[in-house]
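> Please find the sequence and the predicted model below.
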Amino acid sequence: MAFQELLNQVGSLGRFQILQISFVLFLVGLVVPHITMENFTAAIPNHRCWAPILDNDTASDNGSRILSQDDLLRISIPLDSNLRLDKCRRFAQPQWHLLHLNGTFSNETEPDTEPCVDGWVYDRSNFLSTIVTEWDLVCESQALNSVAKFSFMIGLFIGAIICGHLSDRWMSESARWLIVTNKPQKGLKELRKVAHMNGMKNSGNTLTMEVVEASMKNELEAAKRKSSPRDLFHTPILRNRICVLSFMRYLFTVSIFGLSLHLQHLSTNIILLRFLSSALGILISVIGHFVLNHMGRRITQLVLMSLRGIFMLTAVFVPQEMQTLRIIVVTLAAALSSLCMCVSNLHINELLPTTLRATGMGVIGMFGNSGLFLAPLFMLLATYSANLPWIFYGGFSILYGFSVFLLPETKNQPLPDSIHDVGNDWKDSRQAKEEDSIIKVTRF
């Protein structure tokens, strides 16, 4: 629209924009590592019950010192349904006869087992210490691990609300927003600041209130009607968008953070997995810019989110022995997450009018970001089936991909400044597009 002409005069991409982006990236860089660290600080290493004949250095009965480690494990720890060492139970008494039965119990009565009453022994080859090993958050207490992550995500949710208000002290307000909310003087001041920082001094001097009023005449006329949060639900189309976007944001948040918080459940080599997914994520984000330019918002999100969900579902059904394949599909799923988040945020911003964009994002965030603290709680379903949480995480990602067709495409479409630009129905929107021959379109 006309604001693009003003922006071109002060520099649409210069020092000012670069500094703003750099500051945002710095803030994001402070938060995101804390989410990633959950894979290390809350990792669940391999573990088994502490057994006296195995782990008591003073044990010497029955000549146990001359037996191998495998033999001692065999007589001390039962096998689970997958024929692996049980992580939560041990034999009440050493089962010496198992040394001669080739792993079977013959016709004898099944030996008595008991919980890990003396604690656990953890594999510390990858992690010397985590909250799991410090507080024994395994077996009956495994749910507390999800509760700890739930507490962390609650803090993140509250922090996002507080920091949203604090950010107004550090970051320049949008000149476009100031103008369309009937604050043209402040908008002019911001435009001059941008021109000065971008080295466009001549443009800054020629920018006057008359120039702003002439360029933004239609927007200033629309700004005379003061907007309120109730306007988000006043028109049918905008109300529908807010409801759909809130639902989609919930699906998105649960799926994204469900994977980010629990990567250690999908691979034993979490360090390699994080390195590969981060490196690939940078490459995919660069390529995604060109894909977004040609495919549009809806198709791009459908493809990305569906592939991401399919990769997650594939990972959980791949046998543990096929670690290489598991790492590949999990890496692809994790690498797609950052690009999915960028496209999702871009689409949301292009669907909401400038006058209500901040309020709309807040409403969508309040409803949708409930997934922040619900994402860890889905892992409690692992007590019924280890794959069940991942079916939800992957399924939500695929459902999000198809839900995007409930929203309009915004590629090369008008960027709405007011509720009037959103329109009350599609016919009005198409007619307005035909009548307005000079119009700002989205950049990509």
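Structure's in. What do you need?

> any idea whether E114 is helix, strand or coil?
Using DSSP: H, G, I helix; E, B strand; the rest coil, the three-state assignment for E114 comes out as strand.

> Could you give the bridge partners of it?
R90 (DSSP bridges).

> I'd guessed it sits against C88; true?
No. E114 lies out of contact with C88 (CB atoms under 8 Å); the separation is 10.3 Å. Glycine gets a C-beta too; all of them are placed from N, C-alpha and C.

> Mind checking which of these two has more residues around it?
C88 (16 against 12; other CB atoms under 10 Å).

> How about that one: what's its closest non-neighbour residue?
C139 (3.9 Å; CB to CB, 6 or more residues apart in numbering).

> give me every residue that touches that neighbour.
For C139, the contacting residues are 87-88, 115-116, 120, by CB atoms under 8 Å, 6 or more residues apart in numbering.

> could you redo those residues as CSV and give each row distance to L372 and pLDDT?
Shown next, in CSV, are the contacts of C139 (distance: CB to CB, whole Å; pLDDT from 0 to 100):
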residue, distance to L372, pLDDT
K87, 29, 88
C88, 30, 89
P115, 34, 89
C116, 33, 89
W120, 31, 90
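
> Now the buried members of these.
87-88, 116, 120 (16 or more other CB atoms under 10 Å).

> Among these, which are located in strands?
W120 (DSSP state E).

> I299: which of the buried ones among the contacts of C139 is nearest?
Among the buried ones among the contacts of C139, K87 lies closest to I299 (CB to CB), at 44.6 Å.

> Am I right that the closest one is in contact with H47?
Yes. Using CB under 8 Å, K87 is in contact with H47, at 5.6 Å.

> Show me whatever sits in contact with both of those two.
V138.

> Skipping adjacent residues, who's closest to the residue most central in space within the chain in space?
By CA atoms, centre = their mean, the chain has its centre lying nearest to I256, at 3.4 Å. The spatially closest residue to I256, leaving aside those adjacent along the chain, is S337, at 5.4 Å (CB to CB, 6+ apart).

> ok, now M200?
With CB to CB, 6+ apart, the residue lying closest to M200 is G11, at 5.0 Å.

> For H196, see how far away the one you found is.
Distance, G11 to H196, by CB to CB, to the nearest Å: 10 Å.

> And for I161?
For I161 relative to H196 (CB to CB), the value is 33 Å.

> G281 and F26: what is the separation?
For G281 relative to F26 (CB to CB), the value is 19 Å.

> Tell me which of those two has more neighbours.
Shown here are G281 and F26; by other CB under 10 Å, G281 has more neighbours (19 against 9).

> Hmm, that one is touching T331, no?
No. In this structure, G281 is not within contact of T331 by CB under 8 Å, at 9.2 Å.

> For the helix or strand encompassing K149, name the packing helices and strands.
In this assignment (DSSP states H and E), K149 forms part of helix 143-170. Identification of packing neighbours for helix 143-170 by 3 or more CB pairs under 8 Å, 6 or more residues apart in numbering; DSSP states H and E yields helix 15-41, helix 131-135, helix 371-374.

> What average pLDDT does that helix get?
On average, the pLDDT along helix 143-170 is 74.

> Could you list every helix and strand in contact with whichever helix or strand comes after that helix?
From helix 143-170 onward toward the C-terminus, using DSSP H and E, the following helix or strand is helix 175-180. Judged by 3+ CB pairs under 8 Å, 6+ apart, helix 175-180 is in contact with helix 2-10, helix 184-197, helix 217-223.

> Return the distance of helix 175-180 from the chain's centre.
30 Å (CA atoms, centre = their mean, to the nearest Å).

> show me what contacts H265?
44, 379, 390 are the contacts of H265 under CB under 8 Å, 6+ apart.

> The second one and N387 touch, don't they?
The one in question is M379. No. Counting by CB under 8 Å, M379 sits too far from N387 to count as a contact (11.7 Å).

> okay, those two: which has more neighbours?
Between M379 and N387, M379 has the larger neighbour count (other CB under 10 Å), namely 23 against 15.

> pLDDT score for the more buried one?
86.

> any idea how far it is from L13?
Taking CB to CB, one finds M379 at 43 Å from L13.

> next one: V138
Taking CB to CB, one finds V138 at 52 Å from L13.

> and if you look at M366?
33 Å.

> So these two - more neighbours on which side?
The neighbour comparison of M366 against L13 (other CB under 10 Å) goes to M366, with 14 against 11.

> L245 contacts I348, correct?
Yes. If you go by CB under 8 Å, L245 and I348 touch, sitting 5.8 Å apart.

> List the contacts of stretch 345-364.
Counting by CB under 8 Å, 6+ apart, residues outside stretch 345-364 touching it are 164, 174, 176-177, 180-181, 223, 227, 229, 231-232, 238, 241-242, 245-246, 249, 292, 297-298, 301, 404, 407-408, 410, 413, 415-419, 421-422, 442.

> could you redo the last one with a cut-off of 6 Å?
Taking CB atoms under 6 Å, 6 or more residues apart in numbering as the criterion, the residues outside stretch 345-364 that touch it are 176-177, 180-181, 227, 229, 232, 241, 245-246, 249, 297, 410, 416-419, 421-422, 442.

> so where does L280 fall, helix or strand?
helix 270-317.

> Report the distance from the helix or strand just after that helix to the chain centre.
Going down the chain from helix 270-317, the next helix or strand is helix 323-351, by DSSP H and E. Centroid displacement of helix 323-351 relative to its chain, using CA atoms, centre = their mean, is 9 Å.

> got it, and stretch 70-77?
42 Å.

> Could you check how far the closest residue to M312 other than its chain neighbours is from G288?
Excluding its sequence neighbours, the residue lying closest to M312 (CB to CB, 6+ apart) is G394, at 3.7 Å. According to CB to CB, G394 stands 20 Å off from G288.

> Between these two, which is the more surrounded one?
Using other CB under 10 Å as the criterion, G394 and G288 rank with G394 on top: 25 against 20.

> pLDDT score assigned to the more buried one?
93.

> Compute the number of surrounding residues for N182.
16.
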